Every structure is written in structure tokens, then in C-alpha cells.
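Visitor: From the sequence below, what's the structure:
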Amino acid sequence: EALEKKYQAVSSSLEDTEKMHRMQVELLKQEVASLNLRVKAEGVPQEYLKEVVLKFILSSPHLGQTIHDDMIQIIADLMQFPEEDRNAIAAAQKRARNGYLLDAASKFLWPSH
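Guide: Next up is the predicted model:
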């Protein structure tokens, strides 16, 4: 009987220990999942984000329009674009404005086209 009580006590203690370990493993899994989400949310490399935004700006059909160009300057400031990227944007804006002027002039000079 004493042996039986010791066995039950050890068995109960073992079950409690296993339950505690399962809880710790579950908490660790939740923490890892939380950290993974945080890394995904915060972990977008700044350079990659700048490249995507720059490509979007340079490919925009509204490039060269005043309000769009004003927003681009704000985005460039917020994204801390280097001078090289700002020069590429300015050159693309100039080309776009020249294209708009040529398009407007051709519509005025040759309305049937």
C-alpha cells in the first residue's frame, strides 16, 4: 500500500510536470508566432520598400502632373530617397511634362488627330 501511494504520488507529479511542460511549449509557440508576425510587419527591408516605391513612381501615368509631383516629393522625403533617386525622378517628371506639352500642342494644332 505504501508503494502504491508512492507510485501514485510520483505518477501525479510526473503528470503535473508533463502538463507544465506542455503549457510552456504552447506559450513558447505563441511567442514565436507573435515574433514572426512582428518581424513580417516590421521587417520589410527599407531598401526593398524604397525600390518598390521608386519603380511605382517612375511608372506612374500621372508623372509630370503638378499634384502628383508634389506628392512624390513628400514620399521621397519620407522614404529618405538618396540624391541619385531624386534625380531619376526629376528627369522622369521632366520627360513626362514635355510629353504632356507635346500632346497638348498637337491636339491644339491638329484637332482632328
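
Visitor: Next one: residue 89 from residue 14, what distance?
Guide: Note on residue 89: its distance to residue 14, by CB to CB, to the nearest Å, is 67 Å. For every residue, glycine as well, the C-beta is placed using N, CA and C.

Visitor: which of those two has more neighbours?
Guide: Remark: of residue 89 and residue 14, residue 89 carries more neighbours, 20 against 10, as counted by other CB atoms under 10 Å.

Visitor: For the more buried one, give its distance to residue 24.
Guide: On the measure of CB to CB, residue 89 and residue 24 end up 53 Å apart.

Visitor: cool, and residue 5?
Guide: 28 Å.

Visitor: swap in residue 94?
Guide: Distance from residue 94 to residue 24, by CB to CB: 62 Å.

Visitor: tell me the average confidence for the longest helix seen in the chain?
Guide: Longest helix of the chain, by residue count under DSSP state H: helix 2-42. For helix 2-42, mean pLDDT is 78.

Visitor: ok now that helix, how far from the chain's centre?
Guide: Taking CA atoms, centre = their mean, to the nearest Å, one finds helix 2-42 lying 35 Å from the centre of the chain it belongs to.

Visitor: Could you tell me how many residues sit around residue 6?
Guide: 10.
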